[in-house]
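Colleague: Pasting a predicted model and its sequence here:
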Amino acid sequence: MVSKKAGKQRQAQSDAPIHIKRKRMRARLITDDTELQSVRSVTVRVGDTVEVVRGDFGFPNSVKADSRGKRLGQGRGRAGVTGSVASVDTKRGYIFVDGVTSTTADGKEEAVPIHPSNVIVTRLNDADPLRRKRIIERSEGVMKDE
């Protein structure tokens, strides 16, 4: 980006092509897998297991679904909702996680959009072995250069 102005920065982010926006939808990766220890973040895909760590669903310590969240006086701590990524909205820059829903006025359950920076990827989807291979190769290339 060329401009130093914050407004132009935000405008350039929203006007970016969809293939660029897709690559920006990244989240931290914290896993026990030894091959992935040097990987810091990955692009979020459908099927990845994530844990919500910020927002109302990052602190669901309440029993009642309607009174959960830090805004409503619940305790803090790493007790976020863990679920699989149901869908990815690249145009708006949000992901939808299984189990993260809210009730609408007419009683329907509706998925809540979450920004990828507010989640931690705990397990990658195993359906694409080429993705895992590329992630490992990319992280080893970074480690060799340093």
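Modeller: That came in fine, so what should we check first?
Colleague: residues of the helix or strand encompassing Lys23 that come out buried?
Modeller: Lys23 belongs to helix 18-24 when assigned by DSSP states H and E. Neighbour counts over helix 18-24 (16 or more other C-beta atoms under 10 Å) mark 21-22 as buried. Glycine gets a C-beta too; all of them are placed from N, C-alpha and C.
Colleague: Next SSE downstream of it?
Modeller: strand 26-29.
Colleague: ok, the closest residue in space to Ala127 that isn't next to it in sequence - contacts?
Modeller: Once flanking residues are discounted, Ala127 sits nearest to Gly47: 6.1 Å by C-beta to C-beta, 6 or more residues apart in numbering. Residues near Gly47 by C-beta atoms under 8 Å, 6 or more residues apart in numbering: 84-85, 125, 127.
Colleague: Verify the contact between Gln9 and Val2 for me.
Modeller: No. If you go by C-beta atoms under 8 Å, Gln9 and Val2 don't touch, sitting 9.8 Å apart.
Colleague: Between those two, point out the one with more neighbours.
Modeller: A direct count of neighbours by other C-beta atoms under 10 Å for Gln9 and Val2 places Gln9 higher, at 12 against 7.
Colleague: Surely the more buried one is in a helix?
Modeller: Yes. When DSSP: H, G, I helix; E, B strand; the rest coil is applied, Gln9 is found to be in a helix.
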